[in-house]
Each structure stands twice: as C-alpha cells, then as structure tokens.
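Trainee: For reference, the sequence and a predicted model appear below.
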Amino acid sequence: MTNPFNDSMERLRSVVVEAKKMKGITIKNETLKILQEAKRSLHVNFPVKTKKGTEIINGYRVQYNDALGPTKGGLRFHPEVDHDEVKALAFWMTLKNTLVNIPYGGGKGGITINPKEYSQDELEAISREFIRQIHTFIGPRKDIPAPDVYTNPQVMGWMMDEFNKIKGEHLPGVITGKPLSIGGSEGRSFSTAMGGYYVLQEAADQYDINPNKATVAIQGFGNAGMHLAHIAVKDGYKIVAVSDSQGAVYDENGLDVEKVIAQKKKTKTVKDFPGAKNITNEALLELDVDILVPAALANVITEKNAKKIKAKIILELANGPVTFEADKILHKNDVVVLPDILANAGGVTVSYYEWMQNLQGDYWDEKTILNKLNKKMKETFYTLHEDYVKRFDVDFRTAAYVHAILNIQQAMIDKGWI
Ligand code: GLU
C-alpha cells in the first residue's frame, strides 16, 4: 500500500527539483525543510461507551503549517485514518488554501472509525468526546475543522455545540460546513463540486471539450461526486458511469442522474440501477470517456492502471486520487490532470466565506457566494495555465505546487522564519 505521506513528500521534492529549471523561480532549502514535516500534531485515544461496550477510539488533528494564518481543513471518519494519512491531507490543505488565496494555513483531522457501524447517538457521543479531547488545540483564530469523508453538517453542529459549551461562548467560526440554521453558509453543501465544475468549464474551453458531446465517469457518489453529476448533466455533459464503495454502473447512452441520486438515497448504493450495466470500480476508471472524476478516496490511479486511463481530463474532486508515479505516466500520455488542490478547493473556499460571515455576524445570499467562488476558481485556473503550464510546459499539479509553495515561502520570509 502506498503510504500517502511518503508519496506526498516524494512529490514535493520532485516539484522542487522541477522548479530549479524554471527561470526566475527560487525555492529555498529552508522552505523545503519546513514543508517536509508537520508543525504540530495531536493524537488522542479516548473511551466511548457504545452498544458493543467501552470502545477505545483514536483521533488525530494535524496543523501542518500556519505561516499564512490559522490552520484549516476537514475532519474525516474512516477506518483507515492514521497519523500519516492525516499529515498528507494536512500538507495538501496547506497548499490548497494559499493556492486559492485564502488567508489560512493547512490542517486536517480524522477519527479512526467506520461510521456505518454506529447509530446517530453513538456518532454524536464520539464527536462530542473528540472535541472535549482536542478543544485546546482548535479555535476560530487557531485551527478550524470542517466536513470531509463521511462527516457532514450534523457532525459539525454537534462539534460546534460541544466547543461552545466548554468555552461558555458562541463561537460559530470554530468549525465550518455547519447546518444553515446555526451559522452555515449558503452554497457550502455543494461547493466542492461547484468549484470543480467552474474549473472544468475553463479546462473544457482550453482543451476543446464540447460539453454537449462530452462523456463523464464519476468514481465515488458521495457529496462531491453526486453534486458534480447533478450540475454537469444540466449543462449537457453525458454522465455514463458512476460508482460507490459497493460497485459501479455504466450506460453508454448516459445515466438519468436524478434517478440514480434518488436510488442512492433510498438503497444506499448506485449498484443495480435499472437499465445500466454493473461494472467494477476499476473498470470505471479505465472507460473511454472525455472526463474522469475521481471523487472518493486516495491512491485509486497508480502506476498499475495509469497506462490504461483513456480520459482526456481528470478532475480530482477527491484528495490524492493519483499517485506520484501515476502522475508521470499520465503527463507522458497527455492526460490533463486538474489536481485536487485546485479542483476541490471550492469546499474550503466557501468554508472561508462561512467563517467570514460568522465573524461578522452578517450573512450573504447564494448568488453572492457562487459569484465569488466562480471568480476565484477561474482566476486560479488561469494563473496556473498562463504563468506556469504554458510558460514552463509543466503539468497543472507542478504549477499549483510551485505557486502555492512560493506564497508560503514569502510569508515565512516576511515573518522572519527563514
Ligand atoms: N475537507 C475539505 C477539503 O479537503 C474542506 C475543508 C474545509 O472546508 O476546511 O478541502
């Protein structure tokens, strides 16, 4: 199994080597040294009473780098969460936040559980206990969690409530992705997909993809994947395949997305969708489509299957779906990879808007939020496309990494760290 942190550090080092060839760009040795390890990590190990008896639960929160502001990033519930995975995710958040020019450092957290095995009451107890364990580590001006894999607005609501009870104050800005009734933002629930779609629109334009003819396969049908299907189909894209952890479905004539969503909500899976063919998740990735959207977990496109990818564009809504080795193969084969730190930055961008609204106590409508998001995603896409991809003939990931690292480096110089 690929270790996500080692993989991400290997990629970082290779980007720094690549940057040496770019005229006018200097990444200092100190910058690389600092970015090769997390600034602060907290590992907690705590008992919670569940129907199985007393269970010992592990949780993590990593503040990777805070040169640019309070650390920010999601919190996931997954059986495979460990310190290295959370560190890799926190490193990516550090790059992502500054790439879209929001004033945050990067952080991430996780609890090592399979949420499907617990009742709502048990998940609430675990969420609240986790906050009791980490409350000194987080805060609206310190470190701000948000939803990630298998966490949602309800979990954020419990966590905010627990934090506020401990502090004896109303501090909605401690966490984002909350329900609307308690300080959530319009647009946040679908902002990851929306931001990705804004990037895709520009990429389609640049790489001659016609939305009315283009085919799309989406691996993962959670919040991001489902919303992307819903948004893209309205503009004419043909969604030919979608998948979840139980399997994938394929219809070359295009799936009826709204019906697939209705089935997923009812039966908890897209499998056996009437009129479509059941295929495997692996087969979905290798379909002959224009756009492939990995929207689930890390490391699904590796050196083993990268050669077989036929898509022209990969839109990474998940974090870390393409490994370092796979990247090289895809670049050689002219597959345009729109990297996670660009493609899924819409989520944290609207989290930032939520946090601003919480601090000001003034709330904006959906149109205002989406206009701001659209502008930001487009600006970021063109900064990378014009200033790096075209100028230095590099892929979007290299472009995004170099641009983000330079921002962090500048902040560290200005703060006198290096
Ligand atoms: N978990 C999301 C991400 O990976 C959102 C983070 C946030 O909103 O802080 O970008």
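Mentor: Everything's here; your move.
Trainee: so what's the residue in the stretch 101-250 of the chain positioned nearest to the ligand up against?
Mentor: Closest residue of the stretch 101-250 of the chain to the ligand, C-beta to the nearest ligand atom: residue 146 (3.2 Å). In short, each C-beta sits where N, CA and C put it, glycine included. For residue 146, the contact set (C-beta atoms under 8 Å, 6 or more residues apart in numbering) comprises 72-75, 156, 175-177, 347-348, 351.
Trainee: and if you look at residue 271?
Mentor: 244, 246-249, 278.
Trainee: same for the ligand: which of those are within range?
Mentor: With the criterion set as C-beta under 6 Å from any ligand atom, no member of these is near the ligand.
Trainee: So what's the model's average confidence on the helix or strand residue 260 falls within?
Mentor: For residue 260, the host element (DSSP states H and E) is helix 257-267. In this model, helix 257-267 carries a mean pLDDT of 97.
Trainee: Give me the helices and strands touching the following helix or strand past it, please.
Mentor: Once the chain leaves helix 257-267, the next helix or strand it forms, by DSSP H and E, is strand 277-279. Helices and strands touching strand 277-279, by 3 or more C-beta pairs under 8 Å, 6 or more residues apart in numbering; DSSP states H and E, are strand 247-250.
Trainee: other SSEs contacting the strand it packs on?
Mentor: If contacts are counted by 3+ C-beta pairs under 8 Å, 6+ apart, strand 247-250 sits against strand 238-244, strand 277-279, helix 281-285.
Trainee: Let me know which of the ones you listed is tucked in deepest.
Mentor: Sort the helices and strands packed on strand 247-250 by mean neighbour count, taking mean count of other C-beta atoms under 10 Å, and strand 238-244 sits at the top with a mean of 25.
Trainee: Would you mind writing the CA trace of that one as CSV?
Mentor: The C-alpha trace of strand 238-244 is given here as CSV (Å, rounded to 0.1, in the frame of the first residue of the first chain):
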residue,chain,number,x,y,z
LYS,A,238,-23.4,12.9,-20.5
ILE,A,239,-22.7,11.0,-17.3
VAL,A,240,-22.1,7.5,-18.5
ALA,A,241,-20.8,5.9,-15.3
VAL,A,242,-20.9,6.4,-11.5
SER,A,243,-19.8,4.3,-8.6
ASP,A,244,-19.7,3.9,-4.8
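Trainee: from the chain's centre, how far out does it sit?
Mentor: Distance of strand 238-244 from the chain centroid (C-alpha atoms, centre = their mean, to the nearest Å) equals 20 Å.
Trainee: before we move on, what about stretch 48-65?
Mentor: 22 Å.
Trainee: Could you do stretch 409-418 as well?
Mentor: 27 Å.
Trainee: check contacts around the residue lying closest to residue 110 once chain neighbours are set aside.
Mentor: Leaving aside its chain neighbours, residue 110 sits nearest to residue 81 (3.6 Å; criterion: C-beta to C-beta, 6 or more residues apart in numbering). By C-beta under 8 Å, 6+ apart, the residues touching residue 81 are 58, 60, 110-112.
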